[in-house]
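Enquirer: The sequence and its predicted three-dimensional model are supplied below.
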There are 2 protein chains.
Amino acid sequence: VPVRDIHHLGVAVDDLDEAVETYRRLFGAELEHRESVADQGVEAASMRVGGGRVELLAALGPDTPVGRFLAKRGPGMHHVAFEVADVGAELELLAASGAELIDERPRRGLFGLQVAFLHPDATGGVLAELVSRG
Amino acid sequence: VPVRDIHHLGVAVDDLDEAVETYRRLFGAELEHRESVADQGVEAASMRVGGGRVELLAALGPDTPVGRFLAKRGPGMHHVAFEVADVGAELELLAASGAELIDERPRRGLFGLQVAFLHPDATGGVLAELVSRG
């Protein structure tokens, strides 16, 4: 898969307002987007950190993907997103190569992006997301 | 701290050769540098993933920082490195603001970079590294 760039680093946080302020203060980060997605159980803030991007993720409740992650591992790095030209085309190549996928088809992710997650077993323990512009 | 970019994502791995091959196959990554640093107990491979960079880290033994991380958490994301113009100057600003630091002064990191680590308590559970060119 020809990845174009690291699109963002996803970070699970306990308190979104506090995390936004911490990244602003420590690293000069700027808020790019912020949205709450009830059916994914998450409130997210996309922060530009220079030319890079960190996506801060807070759980809307304990029985959500980010809520379960926080209960098990505590706050910290959650996933890395790689930008590709076409998530659907890359998924077909990955499936054909036998890579373990969480999402067999692209779905609508945060901030209008097309996304799909690979299983951490595919990458040696890293939850990786493919992202393309929606 | 005005961060210029995400310099790399550091990933702890069990087998460096296998991880290099996995990132090449799945993401089209290319090996940039590889080196073994005995006094840090690590063998590292810097991989370009499009415009981004992933640093794969294998332990030279169990009683090393990466070895202890692998024993406790298993393979996966270890740290994120932010590129700044001058690690020393940024450390002074961070110390003055009360941020918890692991390294009070820049030190020589992998691949000839000047580096310093912040304590994960400073960032809500993320081990963050500041990097500037050596």
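Expert: It's in.
Enquirer: quick one: residue A:7 is in a strand?
Expert: Yes - counting by DSSP: H, G, I helix; E, B strand; the rest coil, residue A:7 is part of a strand.
Enquirer: burial of it, as a residue count?
Expert: For residue A:7, the count of nearby residues is 24 (other Cβ atoms under 10 Å in any protein chain shown). C-beta here means a position set from N, CA and C on the backbone, and glycine is covered the same way.
Enquirer: Pretty sure it sits against residue A:83.
Expert: Yes - between residue A:7 and residue A:83 there is a contact at 4.0 Å, judged by Cβ atoms under 8 Å.
Enquirer: For those two, list the residues in contact with both.
Expert: The overlap between the contact sets of residue A:7 and residue A:83 (Cβ atoms under 8 Å, 6 or more residues apart in numbering or on different chains) consists of residue A:131.
Enquirer: Distance check, the residue nearest to residue A:84 when sequence neighbours are not counted against residue A:102.
Expert: Spatially, and ignoring its direct neighbours in sequence, residue A:84 is nearest to residue A:90 (4.8 Å; Cβ to Cβ, 6 or more residues apart in numbering or on different chains). Distance of residue A:90 to residue A:102, computed by Cβ to Cβ, to the nearest Å: 14 Å.
Enquirer: Looking at chain A, which residue reaches furthest from the middle?
Expert: No residue in chain A sits farther from the centre than residue A:96, which is 23.8 Å out by Cα atoms, centre = their mean.
Enquirer: tell me the pLDDT at it?
Expert: If you check residue A:96, the pLDDT there is 92.
Enquirer: how close does it sit to residue A:90?
Expert: Going from residue A:96 to residue A:90 by Cβ to Cβ gives 11 Å.
Enquirer: How about residue A:16?
Expert: 30 Å.
Enquirer: Between those two, point out the one with more neighbours.
Expert: Remark: of residue A:16 and residue A:90, residue A:90 carries more neighbours, 23 against 18, as counted by other Cβ under 10 Å.
Enquirer: I'd assumed that one was in a helix, is it?
Expert: Yes - counting by three-state DSSP, residue A:90 is part of a helix.
Enquirer: That one is in contact with residue A:82, isn't it?
Expert: No - between residue A:90 and residue A:82 there is no contact under Cβ under 8 Å: 9.1 Å.
Enquirer: what ranges do the strands span in chain A?
Expert: A:5-12, A:30-37, A:42-49, A:52-59, A:76-83, A:107-108, A:114-117, A:128-132 (DSSP state E).
Enquirer: For those strands, give me TSV that also has mean pLDDT.
Expert: Conversion of these to TSV gives the following (pLDDT from 0 to 100):
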stretch	mean pLDDT
strand A:5-12	98
strand A:30-37	96
strand A:42-49	98
strand A:52-59	98
strand A:76-83	98
strand A:107-108	93
strand A:114-117	96
strand A:128-132	97
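Enquirer: mind putting the ones you listed in CSV, distance to residue B:66 included?
Expert: Shown next, in CSV, are the strands of chain A (distance: least, Cβ to Cβ, whole Å):
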stretch, distance to residue B:66
strand A:5-12, 19
strand A:30-37, 32
strand A:42-49, 24
strand A:52-59, 23
strand A:76-83, 15
strand A:107-108, 34
strand A:114-117, 25
strand A:128-132, 20
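Enquirer: and residue B:130, which of these is closest to it?
Expert: Closest approach to residue B:130 among the strands of chain A is made by strand A:42-49 (11.9 Å; Cβ to Cβ).
Enquirer: what's next to the closest one, contact-wise?
Expert: Residues from elsewhere that reach strand A:42-49, judged by Cβ under 8 Å, 6+ apart: A:8, A:16, A:19-20, A:23-24, A:27-37, A:53-60, A:64-66, A:110-111, B:3, B:5-6, B:82.
Enquirer: Right, I'll leave it there.
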